[in-house]
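Participant: Generate a structure from the sequence data that follows.
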Amino acid sequence: MTSSIKFSVQPGAYERHLQRKHNNPLFRDSDQYLLDKEVEQAREKDQQDLRAFFDAFQETVQEAVELSESVESDVLLDLKEKLERLYVQSTSLAGDLGQHQEALLKLLAVSMAGIQKGAEQDPAALKKIQDELTARDVFFDLLKTPLVAVLLRGDDIIHESELIPSILSESADSLPQILELFDPEQQQHLIDLAKEFIEPLDNDIKQSSQCEARLELMLKLQET
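Facilitator: Next up is the predicted model:
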């Protein structure tokens, strides 16, 4: 065991979760202390994710480049969905993918322009498209919060039992974005679980982790 783990500057989802748990009193003792081997294994998983993303990115960009000007709207819709999935995927990966994200946003803008052009005689369809664009902007903004990006992956990086300590470990600035993922009923459930989680903790852990302050903020956010 070691407490001198050197984490990556821009970790991927697997390594970031180990970093979240390392020396964090809100997690079990067995999770707090890491072996170098565990971090190496997490990095390898992150690299696998990254390679899969690059392959899909190149394939999708090539598909976009080869589209004809008279492309059918259903083809554009399919391309749009692929680009959106890639953008979401990119937000939880290791390294700086800013240029790839910019390219995806540019291709999304082109595909949406084509979709809008095909619907220009249908005001209702145009309104629906504009509403979708607004919602997507909000959604993509939420993805700037790393825990949000991980939770939206839909895999098991963060086990169900780790959700509450993960949320309580977040900064105050991140909590509004995280709670935005949940409807009011789900938020209340999270708050109830957080209360149950915090209640038996030692006072030293409560003070050092500021978990009670995070719970108080969750309660305030729920009321707004």
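Participant: Please determine how far the residue most central in space within the chain is located from Leu108.
Facilitator: In the chain, the residue lying closest to the centroid (CA atoms, centre = their mean) is Ala149, at 0.4 Å. Applying CB to CB, to the nearest Å, the value for Ala149 to Leu108 is 18 Å. (Each C-beta comes from the backbone N, C-alpha and C, glycine too.)
Participant: host element of the residue nearest to the centre of the chain?
Facilitator: Ala149 belongs to helix 146-151 when elements are defined using DSSP states H and E.
Participant: residues touching the closest residue to Thr145 other than its chain neighbours, list them.
Facilitator: Spatial nearest neighbour of Thr145, excluding adjacent residues (CB to CB, 6 or more residues apart in numbering): Gln177 at 4.2 Å. By CB atoms under 8 Å, 6 or more residues apart in numbering, the contact set of Gln177 is Asp141, Leu142, Lys144, Thr145, Val148.
Participant: want to throw the residues you listed into a markdown table with distance to Leu201?
Facilitator: Listed next are the contacts of Gln177 as a markdown table, based on distance: CB to CB, whole Å:
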| residue | distance to Leu201 |
| --- | --- |
| Asp141 | 33 |
| Leu142 | 29 |
| Lys144 | 30 |
| Thr145 | 25 |
| Val148 | 25 |
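Participant: Return the distance of the helix holding Ala149 from the chain's centre.
Facilitator: 3 Å (CA atoms, centre = their mean, to the nearest Å).
Participant: Which secondary structure elements does that helix sit against?
Facilitator: Using 3 or more CB pairs under 8 Å, 6 or more residues apart in numbering; DSSP states H and E, the elements in contact with helix 146-151 are helix 13-21, helix 175-179.
Participant: Just the CA trace of the shortest one, in PDB.
Facilitator: The reference is to helix 175-179. Written as PDB, here are the backbone C-alpha positions of helix 175-179 (Å, rounded to 0.1, in the frame of the first residue of the first chain):
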ATOM      1  CA  LEU A 175     -23.500  19.600  -6.900                       C
ATOM      2  CA  PRO A 176     -26.100  21.600  -8.900                       C
ATOM      3  CA  GLN A 177     -25.100  19.900 -12.100                       C
ATOM      4  CA  ILE A 178     -25.100  16.500 -10.500                       C
ATOM      5  CA  LEU A 179     -28.600  16.900  -9.000                       C
END
